[in-house]
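> Pasting the sequence and the predicted model now:
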Amino acid sequence: MSAPTVTHGVFAMTDNPPVWQLPADLVPTDGRFGSGPSKVRTGALEALAATGTTLMGTSHRKPTVKNMVASIQDGLLALFDAPDGYEVLISNGGATAFWDAAAFGLISEQSHHLVCGEFSSKFAAAAKNAPQLKDPVITETAPGQPVTHVTPDAGCDVYAFAQNETSTGVQIPVRRPEGFDGLVVVDAVSAAGGMPVDLKDCDAYYFSPQKCFGGDGGLFVAVISPAAADRIATIKASSRFMPTFLDLATALDNSRKNQTYNTPALATLFLLDQQIRWMNDGGGLAWAAGRSAALSEHLYNWADAHPLADPFVSDIASRSQTVATIDFHEGIDAETLASILRSNGILDTEPYRKLGRNQLRISCFPDIELTDMHKLTACIDAVLDYLD
């Protein structure tokens, strides 16, 4: 088969297996566009390597690591301009563990959940499966549709939602419902560090390091209010059964000592600390979120203008600025498109596996360079010219 000519360059094709090669000058310098695990900055990896024998393989109960945990906590409070009294809780297990921990140690009796995709539904499911709680109240919208805040049902003591639904690319403003005196608990896994937030509007703002914070998974971090800390203490003092690994009181006690209850992955802590420093040195949350906004704006503008593509989320205000989902018209196989991109080193643009749409899902996390995003859309243009 001869190499086809397209608008933006020439594909060189080989057989067994077939590979379509884009021109090297068209391909992004860094092709990592996954929504988690995400791109890790080369500078952060080099800094980790430079620690040599001083970090990896050392005790997490000693100053080398405890000082790093303190740096993470102080850096996050500064990044989010946290109100007085808020503190940073760090523990092992990722956001999935936090959902179960919250069911044991943050929800007193009943929670109200906004659900608009896979991950917001998982926290609701964790609450529903908890035998010590009443069944949660669930307000659900179809994937990709706007989500409107509601007044939590009477009797609910936690109001939970995702600031960014990673599976669909829908964002929801962080807002405390008027007159609600319970806890507002926000899943910020793919939003924290890439979206603006005023922490006065929530009581637990939790996330993992493998998205905007350009690190590895295995931890959850929650910035909590004094009201959330009081709730944790109150439930701990009750007769409720509490698995030690999921005990938020134990996690908070250790966090106040600049450590985790279980042994953490030291590289994960180091990379998180590096990214927080990078964000604060660059200009703080406004600067980091501005980078994400510029990336997503370019992607959505490109999709709006392209005859074969559309943003999956039609409501402009609900389009995520950290995870963009782009649908493709009938006749364009997004799976083939993602495969060709992957063969050229442009990685992890496939859609969320359970959504089942003909689309690409592209991260717009702060450490992605805008020049690389421009190159990505140029590469997609080239592939679409061929596929069409």
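Thanks, I have it.

> Where does pLDDT dip in this structure?
1-18 (pLDDT under 70).

> In it, spot the helix with the most residues.
helix 284-305 (DSSP state H).

> distance between that helix and the chain's centre?
Helix 284-305 sits 15 Å away from the centroid of its parent chain (CA atoms, centre = their mean, to the nearest Å).

> So which elements touch it?
On a contact count with 3 or more CB pairs under 8 Å, 6 or more residues apart in numbering; DSSP states H and E, helix 284-305 meets helix 63-79, helix 266-282, strand 309-311, strand 323-328, helix 370-387. In this view, the C-beta of every residue, glycine as well, is placed from N, C-alpha and C.

> would a markdown table of those with mean neighbour count and distance to residue 297 be doable?
A markdown table is the format used below for the helices and strands packed on helix 284-305 (neighbours: other CB atoms under 10 Å; distance: least, CB to CB, whole Å):
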| stretch | mean neighbour count | distance to residue 297 |
| --- | --- | --- |
| helix 63-79 | 18 | 22 |
| helix 266-282 | 20 | 19 |
| strand 309-311 | 21 | 11 |
| strand 323-328 | 26 | 10 |
| helix 370-387 | 19 | 10 |
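
> measure the residue nearest to the spatial centre of the chain to residue 325 for me?
In the chain, the C-alpha nearest the mean C-alpha coordinate belongs to residue 190, at 1.5 Å (CA atoms, centre = their mean). Residue 190 sits 12 Å away from residue 325, going by CB to CB, to the nearest Å.

> Repeat that for residue 278.
For residue 278 relative to residue 325 (CB to CB), the value is 27 Å.

> what does residue 266 give?
34 Å.

> close enough to count as contact, residue 152 and residue 181?
No: if you go by CB atoms under 8 Å, residue 152 and residue 181 don't touch, sitting 9.9 Å apart.

> In terms of neighbours, single out the busier of those two.
Neighbours per residue (other CB atoms under 10 Å) separate residue 152 from residue 181, with residue 152 holding more: 24 against 9.

> what residues are up against residue 69?
90, 255, 258-260, 269 (CB atoms under 8 Å, 6 or more residues apart in numbering).

> try residue 142
Residue 142 neighbours (CB under 8 Å, 6+ apart): residue 116.

> host element of residue 139?
strand 137-140 (DSSP states H and E).

> so what secondary structure elements neighbour that strand?
Counting by 3+ CB pairs under 8 Å, 6+ apart, strand 137-140 packs on strand 111-115.

> Hey, what's the angle from the following helix or strand past the strand it packs on to strand 111-115? Just curious.
Toward the C-terminus, strand 111-115 is succeeded by helix 118-129 as the next helix or strand (DSSP H and E). Computed with axes from the mean of the first three to the mean of the last three CA atoms, to 10 degrees, the direction of helix 118-129 lies at 150 degrees from that of strand 111-115.

> For the closest residue to residue 107 other than its chain neighbours, give its distance to residue 204.
With CB to CB, 6 or more residues apart in numbering as the criterion, residue 107 has its nearest non-adjacent residue at 4.7 Å, and that residue is residue 158. Taking CB to CB as the measure, residue 158 falls 9 Å from residue 204.

> Name the residues contacting each of these two.
By CB under 8 Å, 6+ apart, the residues touching both residue 158 and residue 204 are 102, 106, 183-185.

> Just the ones of the residues you listed in strands?
183-185 (DSSP state E).

> which ones are touching the closest residue to residue 59 other than its chain neighbours?
What sits nearest to residue 59 in space, not counting adjacent residues and going by CB to CB, 6+ apart, is residue 65, at 7.0 Å. Neighbouring residues of residue 65 by CB under 8 Å, 6+ apart: 55, 58-59, 259, 264, 266, 269.
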